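Visitor: 3D, please:
(2 chains)
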Amino acid sequence: MNKDLEKLSALYDGELPSKEMQDGLAEMHADENLKEIFQKFGQISELVQRHSDQKTPKVTLLKDYLSKVNPVMSNLVTAAATVMITLIVLYQFDDDRFQVDRDSSLQLSSALSSDQAKNQLLNTDQNIMEHMIHIMQSNQSHNSQQVSKNWIPVGFSVNPNNPNQYSNGRNNLFFHLENKQLGIKKVKYFKANNNWIYLIPLQDGRLLTAYGDIPPSVANPMIQSIYQRK
Amino acid sequence: MGISKGDEVLVNEIKAGNAMAFEAMVLKYQPKLMSSLIGYTKSRDQAEEICQKTFIRVWQKIDSFRGDSALFTWIYRIGINLAKNDFASSFSKASKVTESLDQNEHDVPQYLSPEIELIAMESENKIMEFIQTLDIDTKTAFTLREIEGKTYDEIAQILKCPIGTVRSRIFRARQLILEFMNQENILNE
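Guide: Down below sits the predicted model:
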């Protein structure tokens, strides 16, 4: 019986070879119980997919991006579903405080309702995503340039073992500085699990990436200070 | 997103006039369509009527489906257009919009049973919580199939296991969920 039902499950998924499919359709047609189970498979799908849709309409997942640029990594991420790094690209930017890129904000908003727009967005921001993945893959220093001591928030001190890590005892903040801006003109910020990633273009053409468990409300004074500094 | 491999096989069978394949498609997508239509019309009776009309139209127009979109997307569009017509007709009795069915197309098989039960809201959370308790291998295979829409072959590559194992795990998940639904008397009232 279980074998029959397993076959029915594969029929439901359209995964039976042609001959087996014909047999499966005929068997189901003749058996009300199989029809009922087949329909219940549909009810389960409907439920699971609807709940999934409800959970993800406001975010762009890292695995969606990875499937485009790095299928191998995408598969790894997908397989580790329960420990997935879910990089959430926030679309509700606070324009007043961060002088964020409104075009990007609009793109993200439109991406919510359109797969095509979402793909365009991911293509547009490919370099940014690659940059963040590079940063997030490790807590090491990434050969970053030394950051200015003026940028460090009050109450944070450097970790003696990692010159790019700062802590106030509760929260950790990492800095990464490079001679590239990836086309970023205004501050962008993203959330990855409990961490926030801030991309701050500097006046001198470099890009400062700050990341850690520091929410925007706390990071705002630091970002304003750095962003406006000549 | 285009049509999935599994649905493509089903559609080809329906195009070839295989009424049993049509029956399978109705059983598979009726719950999802009903859920969408109830959301749109706010009326179960109206949703059932439109659902039935939709599948009649799907059967008649299946030859025009090119597979550029997912099968359900195409079905959904037909359903929503019919619902709009229905809505419009309720405001215009003089020019009532009726569903005209082309007589020269396929006869419609008698497999439509719109009286489908949907899972009650209060039961949904129980089922979703139960799915979270499945062992990781079973849950991962099931999730990759149902949410990511991966084929068995793709899942096998991701999980580095034989296709037969994928098939067993996905079935195992469905079987356990069905057992849970029976145990909780969901859909059996």
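
Visitor: host element of the residue nearest the centre of chain B?
Guide: Per C-alpha atoms, centre = their mean, the C-alpha nearest to the average position across chain B is that of residue B:29, at 1.4 Å. Per DSSP states H and E: residue B:29 is located in helix B:19-41.

Visitor: could I get the pLDDT score of the residue in chain B that chain A sits nearest to?
Guide: Closest to chain A within chain B is residue B:6: 1.7 Å, counting by C-beta to the nearest C-beta. (Each C-beta comes from the backbone N, C-alpha and C, glycine too.) For residue B:6, the pLDDT comes out at 82.

Visitor: does it really touch residue A:13, like I thought?
Guide: Yes - contact criterion C-beta atoms under 8 Å: residue B:6 and residue A:13 qualify, at 5.4 Å.

Visitor: the helix holding residue B:29 packs against which elements?
Guide: Counting contacts by 3 or more C-beta pairs under 8 Å, 6 or more residues apart in numbering or on different chains; DSSP states H and E, helix B:19-41 is packed against helix A:2-12, helix A:18-30, helix A:32-55, helix B:5-15, helix B:44-61, helix B:71-89.

Visitor: closest to residue B:23 out of those?
Guide: Checking the helices and strands packed on helix B:19-41 against residue B:23 by C-beta to C-beta gives helix A:18-30 as the closest, at 6.2 Å.

Visitor: so who does the residue of chain A found nearest chain B touch?
Guide: Across chain A, the shortest distance to chain B (C-beta to the nearest C-beta) belongs to residue A:14, at 1.7 Å. Listed by C-beta atoms under 8 Å, 6 or more residues apart in numbering or on different chains, the contact set of residue A:14 reads A:21, B:4-10.

Visitor: farthest-apart pair in these, please.
Guide: A:21 and B:4 (14.4 Å).

Visitor: the two: who's more crowded?
Guide: Between residue A:21 and residue B:4, counting by other C-beta atoms under 10 Å in any protein chain shown, residue A:21 is the more crowded of the two (23 against 18).

Visitor: doesn't residue A:12 make contact with the more buried one?
Guide: No - the pair residue A:21 / residue A:12 is not scored as a contact, 10.9 Å apart, by C-beta under 8 Å.

Visitor: how close does the residue nearest to the centre of chain B get to residue A:189?
Guide: Distance from residue B:29 to residue A:189, counting by C-beta to C-beta, to the nearest Å: 40 Å.

Visitor: same deal with residue A:152?
Guide: 18 Å.

Visitor: these two - which one has more neighbours?
Guide: Taking other C-beta under 10 Å, residue A:152 and residue A:189 do not tie; residue A:189 has more neighbours (21 against 15).

Visitor: follow-up on the earlier one: next, format the contacts of residue A:14 as TSV and append distance to residue B:140.
Guide: Shown next, in TSV, are these (distance: C-beta to C-beta, whole Å):
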residue	distance to residue B:140
A:21	26
B:4	19
B:5	20
B:6	19
B:7	23
B:8	25
B:9	25
B:10	25
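
Visitor: how near is the residue nearest to residue B:47 when sequence neighbours are not counted to residue B:183?
Guide: Distances taken as C-beta to C-beta, 6 or more residues apart in numbering or on different chains place residue B:37 nearest to residue B:47, at 3.7 Å, with adjacent residues excluded. Going from residue B:37 to residue B:183 by C-beta to C-beta gives 30 Å.

Visitor: that older thread, so which of the helices and strands packed on helix B:19-41 gets nearest residue B:144?
Guide: In terms of C-beta to C-beta, the element of these nearest to residue B:144 is helix A:32-55, at 11.8 Å.

Visitor: which residues of chain A lie near chain B?
Guide: Residues of chain A found near chain B (C-beta under 8 Å from any C-beta of the partner chain) are A:2, A:5-6, A:9-15, A:18, A:21, A:25-26, A:28-29, A:35, A:37-52, A:75, A:78-79, A:81-82, A:115.

Visitor: show me how chain A divides into domains.
Guide: Using automatic domain parsing, the domain ranges for chain A come out as A:2-55, A:62-228.

Visitor: confidence-wise, which of the ones you listed is weakest overall?
Guide: Least confident of the domains of chain A, judged by mean pLDDT, is domain A:62-228 with a mean of 61.

Visitor: give the helix, strand or coil label for residue A:184.
Guide: coil (DSSP: H, G, I helix; E, B strand; the rest coil).

Visitor: typed the wrong thing, it's residue A:164
Guide: Under three-state DSSP, residue A:164 falls in the strand class.

Visitor: how about stretch A:28-47, which residues are buried there?
Guide: A:28-29, A:34-35, A:37-47 (16 or more other C-beta atoms under 10 Å in any protein chain shown).

Visitor: typed the wrong thing, it's stretch A:217-224
Guide: By neighbour count on 16+ other C-beta under 10 Å, the buried set for stretch A:217-224 is A:219-220, A:222-223.

Visitor: nearest spatial neighbour of residue B:40, chain-adjacent residues omitted?
Guide: residue B:83 (5.2 Å).

Visitor: list the contacts of that neighbour.
Guide: Going by C-beta under 8 Å, 6+ apart, residue B:83 touches B:37, B:40-41, B:46, B:50.

Visitor: can you lay out the residues you listed as TSV showing pLDDT and neighbour count?
Guide: Below are the contacts of residue B:83 laid out as TSV (pLDDT from 0 to 100; neighbours: other C-beta atoms under 10 Å in any protein chain shown):
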residue	pLDDT	neighbour count
B:37	88	26
B:40	80	18
B:41	80	19
B:46	86	17
B:50	92	29
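
Visitor: assumed residue A:211 was part of a helix.
Guide: No - assigned with three-state DSSP, residue A:211 falls outside any helix and is strand.

Visitor: beta partners of it?
Guide: Beta-bridge pairing of residue A:211 under DSSP bridges involves residue A:174, residue A:197.

Visitor: so what's the residue count around it?
Guide: 23.

Visitor: my read: it touches residue A:173, true?
Guide: Yes - if you go by C-beta under 8 Å, residue A:211 and residue A:173 touch, sitting 7.4 Å apart.

Visitor: what residues are shared contacts of these two?
Guide: Counting by C-beta under 8 Å, 6+ apart, residue A:211 and residue A:173 have no shared contacts at all.

Visitor: for residue A:16, what are its contacts?
Guide: By C-beta under 8 Å, 6+ apart, the residues touching residue A:16 are A:7, A:10, A:24.

Visitor: gap between the first one and residue B:152?
Guide: Put plainly, it is residue A:7. Counting by C-beta to C-beta, the gap from residue A:7 to residue B:152 is 13 Å.

Visitor: alright, I will stop here.
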